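Peer 1: I'd like to go over a predicted model; first the sequence, then the structure.
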Amino acid sequence: MRTERAVVLGASMAGLLTARVLAEFFDTVVAVCRRAGTCT
C-alpha cells in the first residue's frame with residue numbers, strides 16, 4: 001500500500017538516503033533543507 005506524501009527534515013547525505021528509501025513506499029517525498037541556498 002502506497003501512501004501519498006512523506007517529508008524528510010534535512011537534506012544531508014543521510015536525509016537524501018532516507019528520502020530514497022521512503023520513495024519505495026510513498027508517491028511523493030520532499031526533502032526540506034534548513035537554510036535556503038545551502039542544499040544541492
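Peer 2: Arrived safely, thanks for sending.

Peer 1: C-alpha only now, for contacts and for neighbours.
Peer 2: Noted.

Peer 1: so where do the helices sit in this structure?
Peer 2: Ranges of helices in the chain, per DSSP state H, are 13-22.

Peer 1: low pLDDT regions in it?
Peer 2: 1-2, 36-40 (pLDDT under 70).

Peer 1: now do 90
Peer 2: Residues of the chain that meet the criterion pLDDT under 90 lie in 1-3, 10-12, 33-40.

Peer 1: list the buried residues of stretch 24-37.
Peer 2: Within stretch 24-37, the residues scored as buried using 16 or more other Cα atoms under 10 Å are 26, 29-33.

Peer 1: my bad, stretch 12-20
Peer 2: 15-16, 18-19.

Peer 1: not counting its neighbours along the chain, what's nearest residue 28?
Peer 2: Distances taken as Cα to Cα, 6 or more residues apart in numbering put residue 5 closest to residue 28, at 4.8 Å, once the chain neighbours are dropped.

Peer 1: and the one you found, what does it touch?
Peer 2: Residue 5 makes contact with 26-30, according to Cα atoms under 8 Å, 6 or more residues apart in numbering.

Peer 1: residue 26 now?
Peer 2: 2-6.

Peer 1: narrow these to those in strands?
Peer 2: 3-6 (DSSP state E).
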